[in-house]
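K.L.:
Below: sequence and its predicted model.
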Amino acid sequence: MGSPCSTIRGIPVILHRLSKTCRFMPKHALPVTDLRPMARCDIDTVMAIETRVYAHPWTKGIFADCLRVGYECWIAECDGAIAGYGVLSVAAGESHVLNLAVDRPFQGRGLGRFLLGHLLQCARRLGADTALLEVRPSNRSAIALYEDSGFNLIGCRKNYYPGAQGREDALLYAIDLDTLQHEP
Ligand SMILES: CC(C)(COP(=O)(O)OP(=O)(O)OC[C@H]1O[C@@H](n2cnc3c(N)ncnc32)[C@H](O)[C@@H]1OP(=O)(O)O)[C@@H](O)C(=O)NCCC(=O)NCCS
């Protein structure tokens, strides 16, 4: 799957786009200076963040597979450093937010909201009308972000995640992408 989503450079362009999707407009000063597709050479840095922010991180191989099969893999940079990333799959009119992460020093500044908004716009441009995602019930900050962004709880996947004591369920959330504003 090719990516019709263009690379965005510079805060003025980003703020212009965000003004079109105000649900995803951060309330804080956005630290992003570049939004670009992930490349294989980013995987080591992405893995360093992944292991900092998740107790049960993805492996290098999972990121490599996502790139190989053409999933939407996006990097947000702040002053040349990778600050966050997101991964999305799209198939048969349905999209799936597979990963969304912001490195610890950049959390709480609107970057997660911004990256999520970008992934959903990519999903729309690729023809999806729905986006799904799973989240741990214990992940209160992610749940707050998703619910505030318009996702609705539609189910629970039993024993979905590895956990410290056995398995943990996943909450399944969905959003109707037609509720998002169109970009020009
Ligand atoms: C979840 C995550 C991506 C959010 O990114 P972020 O850049 O910190 O979030 P933002 O600054 O964009 O905040 C957006 C909203 O999320 C919620 N939120 C973010 N941090 C929160 C916290 N510590 N407590 C409660 N709600 C929080 C709020 O609703 C916030 O909106 P507000 O700023 O208007 O209050 C980030 O915390 C992260 O990478 N966590 C580790 C990886 C992870 O759990 N990913 C999600 C997997 S499903």
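P.N.:
On my side now, so go ahead.

K.L.:
which residues in this protein form helices?
P.N.:
11-20, 43-53, 60-68, 111-125, 140-148 (DSSP state H).

K.L.:
Which of those helices has the lowest mean pLDDT?
P.N.:
For these, mean pLDDT drops lowest on helix 11-20, to a mean of 44.

K.L.:
Around the ligand, which positions in this protein sit nearby?
P.N.:
26-27, 53-54, 100-102, 107-113, 135, 139-142, 144-145, 148 (Cβ under 6 Å from any ligand atom). In short, each C-beta sits where N, CA and C put it, glycine included.

K.L.:
Please indicate which of these are buried?
P.N.:
Buried members of those, counted by 16 or more other Cβ atoms under 10 Å: 26, 100-102, 109-113, 135, 139, 142, 145.

K.L.:
where in this protein is pLDDT low?
P.N.:
By pLDDT under 70, the weakly predicted segments of the chain are 1-30, 182-184.

K.L.:
in this structure, which spans are strands?
P.N.:
For the chain, the strands defined by DSSP state E cover 8-9, 34-37, 72-78, 81-91, 94-102, 130-135, 152-163, 166-176.

K.L.:
With distance to G70 as added columns, please give the buried ones among the residues of the chain next to the ligand in TSV.
P.N.:
Listed next are these as TSV, based on distance: Cβ to Cβ, whole Å:
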residue	distance to G70
P26	29
L100	19
A101	20
V102	24
R109	30
G110	28
L111	24
G112	24
R113	25
V135	24
N139	28
A142	25
L145	26
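
K.L.:
Test my guess that R109 contacts V32.
P.N.:
No: R109 is beyond contact range of V32, at 9.2 Å (criterion: Cβ atoms under 8 Å).
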